[in-house]
Structures are given as structure tokens and as C-alpha cells.
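>>> Generate a structure from the sequence data that follows.
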Amino acid sequence: MDADTFASGRQFLDLMEAMPSLALDCVVLDVQMPGLSGLQVQEQLTRSGHRFPVIFITAHDDPLVREQALAAGLWPSSASRLTMSS
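Next comes the predicted model:
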């Protein structure tokens with residue numbers, strides 16, 4: 001499996017604008033990213049006509065963000081917490 005990472009949502013959107021026919025299997029966005037939020041990136045992708053699965057991740061379960069995601073048509077999933085053992 002190949003994956004690309006980007007320093008910001010803007011960097012990813014710039015690539016999508018430069019290569020509009022780029023076929024993606026899935027996009028993983030963090031809700032809190034430098035510059036644009038993950039929700040803002042998803043909104044711009046939708047407005048541009050891009051249709052592919054988007055998975056949102058966050059370390060901060062915020063009820064307001066959850067409401068915004070639902071209003072944007074995203075499907076909720078159960079929140080789970082990961083813990084690290086030393």
C-alpha cells in the first residue's frame with residue numbers, strides 16, 4: 001500500500017488542484033491541522049467535485065466539531081481511546 005503525507009491541508013488541496021484527475025482510494029484527515037481544519041479540507045474537496053472516502057481522526061472529541069461533521073453529511077463512529085503502555 002502506498003501513502004503520501006502532507007504538511008498541511010492547503011498543500012494537499014494544491015496537489016488536487018494541480019492534478020484533478022488524481023485517483024485516490026481514501027483520504028485520512030485530522031480534525032485539527034495547521035492552517036485549514038480537516039473539515040474545511042473536506043468541504044473544499046466536496047465543492048471541487050472530488051468524491052472519495054474521507055476518514056477523520058482526532059485526539060480531541062469536541063461536541064461542536066461532531067455537530068459540524070454531521071451537518072456536512074459525515075457518518076459518526078464510536079469514539080475509542082488508545083493508551084500507550086510503557
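>>> right, and residue 60 touches residue 37 too?
No: between residue 60 and residue 37 there is no contact under CB atoms under 8 Å: 11.5 Å. Every residue, glycine included, has its C-beta placed from N, CA and C.
>>> Residues in contact with both of these two, list them for me.
Common neighbours of residue 60 and residue 37, using CB atoms under 8 Å, 6 or more residues apart in numbering, are residue 31.
>>> higher neighbour count, the two?
residue 37 (19 against 8; other CB atoms under 10 Å).
>>> check contacts around that one.
With CB under 8 Å, 6+ apart, residue 37 has these contacts: 9, 31.
>>> please redo it, this time with the cut-off set to 10 Å
Listed by CB atoms under 10 Å, 6 or more residues apart in numbering, the contact set of residue 37 reads 9, 29-31, 43, 56, 58, 65, 68.
>>> which two in those are spaced the farthest apart?
Greatest spacing in those, by CB to CB: 43 and 58 (16.3 Å).
>>> hang on, the earlier thing: can you say which of the contacts of residue 37 are buried?
9, 29, 31, 56, 58, 65, 68 (16 or more other CB atoms under 10 Å).
>>> my guess is the first one contacts residue 42, does it?
What that stands for is residue 9. Yes: with contact defined as CB atoms under 10 Å, residue 9 counts as touching residue 42 (9.1 Å).
>>> so what sits against both of those two?
Shared contacts of residue 9 and residue 42, defined by CB under 10 Å, 6+ apart, comprise 29, 36.
>>> which one of the contacts of residue 37 is nearest residue 50?
Residue 50 lies nearest to residue 43 out of the contacts of residue 37, by CB to CB, at 11.0 Å.
>>> I'd like to check which residues are in contact with the closest one.
36-37, 68, 72.
>>> Please name every helix or strand in contact with the lowest-mean-pLDDT helix or strand in the chain.
Within the chain, no helix or strand scores below helix 63-71, which has a mean of 81 by mean pLDDT, DSSP states H and E. If you count contacts as 3 or more CB pairs under 10 Å, 6 or more residues apart in numbering; DSSP states H and E, helix 63-71 packs onto helix 38-47, strand 54-57.
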